[in-house]
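kindly generate the corresponding structure for this input.
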Amino acid sequence: MSKKTLNELTLKDNFMFGAVMTNEENCRKFLNLVLDFPIDKVEVCKEKSMIYHPEYKGIRLDVYAKGRENTHYNIEMQVVKKPALGRRSRYYHSQIDMELLLAGNDYRKLPQVYVIFICDFDPFKQKKYKYTFENRCVEEGKLSLRDGRHTIFLSTRGENGGEISRELKKFLEFVRADLQESQKDFEDDFVKQLQNFIFQVKRDREMEGRFMLLELLLQDERAEGVLEGKREGILELLSDLDTVPEDLENEVESQEDPEVLGIWLKLAARASSLEEFRENIHK
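Next up is the predicted model:
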């Protein structure tokens, strides 16, 4: 399958989502749509975004921002349903807390934190556009833990339009749209603002260069992941035979050719001893 070009991206593509939401006015207006209180200013931490820090290893695809009273927001686009989204949100909350504590904050002064997932699927199959989670007492549902953690899942597949604002519904329809549909008139000012912004991004040569660099970095990262998986498989099979000598382990770890590693993986699966494996890879 051929890769998309910058001109083929929509808001649901990670690069375009990052480019759009690291604009502080776009991010602020989005948060105003989602949350039940007005937000007059948002500071997007661009150094933690893949768009503005393309050499970042373990590339971050979400948007990290903070607002008044140091409230923190983590926003992520989810196109494909991944397992354990709840635990993924728990990880994000813990990461934000750890960063704040390492920066010298007292845990008693930890701010409100909102982790927001925009999902192009229904994560809980209840046909809702919006699912909001907070820690509450099992025995007394109205009793809140008041730990400052809020997790929100937005779904483009909701059917309860009467329970959310018209503007949020229009935004989610825009997220769901394919390339052609995304260019139609949604009769909404914020969507129109996003359409104009995306149009400018696609004509920005600097953004095109960043997109191409990101694609190369992701390609390298995926390739390295495949190599590492093969190395681990080989060493695991060999360890079932006996303790793997350091020199043999180093030889496997230093091999960079995926085809060679594929052959070695088959040899490791068939070998009856470490000596047999060593002999076969040196034939």
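
check the secondary structure at residue 104 for me.
coil (DSSP: H, G, I helix; E, B strand; the rest coil).

for it, give me its contacts.
Taking CB atoms under 8 Å, 6 or more residues apart in numbering as the definition of contact, residue 104 has no neighbours. Yep, even glycine has a C-beta here, placed from its N, CA and C like the rest.

can you give me the pLDDT of it?
Residue 104 carries a pLDDT score of 82 in this model.

before we move on, what about residue 111?
89.

quick check: what element follows the lowest-mean-pLDDT helix or strand in the chain along the chain?
Here the helix or strand of the chain ranked lowest by mean pLDDT, DSSP states H and E is strand 63-67, holding a mean of 72. The first helix or strand that comes after strand 63-67 along the chain, using DSSP states H and E, is strand 72-78.

let me see the ranges of the strands in the stretch 101-250 of the chain.
113-119, 130-133, 149-155 (DSSP state E, counting those that start in this stretch).

before we move on, back to that, elements contacting the least confident helix or strand of the chain?
Helices and strands touching strand 63-67, as assessed by 3 or more CB pairs under 8 Å, 6 or more residues apart in numbering; DSSP states H and E, comprise helix 14-21, helix 24-34, strand 42-44, strand 72-78.

give me the contact list for it.
Residues contacting strand 63-67 (CB under 8 Å, 6+ apart): 17-18, 21-22, 24, 27-28, 31, 39, 41-45, 48-49, 72-76, 111.

coming back round to it: turn the helices and strands packed on strand 63-67 into a markdown table, including mean neighbour count and mean pLDDT.
Formatted as a markdown table, the helices and strands packed on strand 63-67 follow (neighbours: other CB atoms under 10 Å; pLDDT from 0 to 100):
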| stretch | mean neighbour count | mean pLDDT |
| --- | --- | --- |
| helix 14-21 | 23 | 90 |
| helix 24-34 | 18 | 94 |
| strand 42-44 | 19 | 86 |
| strand 72-78 | 23 | 91 |
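
look up the pLDDT of residue 274 for me, please.
pLDDT, residue 274: 93.

what's the burial count for it?
When neighbours are counted by other CB atoms under 10 Å, residue 274 registers 17.

again, but for residue 271
Neighbour tally, residue 271, other CB under 10 Å: 20.

same question, the one 4 residues further on
By the criterion of other CB under 10 Å, residue 275 has 11 neighbours.

for it, helix, strand, or coil?
Taking three-state DSSP, the label given to residue 275 is helix.

okay, angle between the least confident helix or strand of the chain and strand 113-119 too, please.
Relative orientation of strand 63-67 versus strand 113-119 (axes from the mean of the first three to the mean of the last three CA atoms, to 10 degrees): 140 degrees.

for strand 63-67, C-alpha coordinates in CSV please.
Output in CSV follows, covering the C-alpha atoms of strand 63-67 (Å, rounded to 0.1, in the frame of the first residue of the first chain):
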residue,chain,number,x,y,z
VAL,A,63,-0.5,17.1,21.7
TYR,A,64,0.6,18.3,25.2
ALA,A,65,-0.7,21.7,26.5
LYS,A,66,-1.3,23.6,29.7
GLY,A,67,-3.8,26.4,30.6
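
what strands line up against that strand, and which way round?
strand 42-44 (antiparallel), strand 72-78 (antiparallel) (DSSP bridges).

distance to residue 65 for the ones you listed - can I get that in a markdown table?
Output for the strands paired with strand 63-67, formatted as a markdown table (distance: least, CB to CB, whole Å):
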| stretch | distance to residue 65 |
| --- | --- |
| strand 42-44 | 5 |
| strand 72-78 | 5 |
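
among those strands, which comes closest to residue 229?
Ranking the strands paired with strand 63-67 by proximity to residue 229 (CB to CB) places strand 72-78 first, at 23.8 Å.

that closest one vs helix 14-21, what angle?
140 degrees.

strand 72-78: how far from the chain's middle?
8 Å (CA atoms, centre = their mean, to the nearest Å).

contacts for that strand?
11-12, 14, 17, 21, 27, 30-31, 42, 61-67, 85, 92, 96, 100, 111-121, 123, 175.
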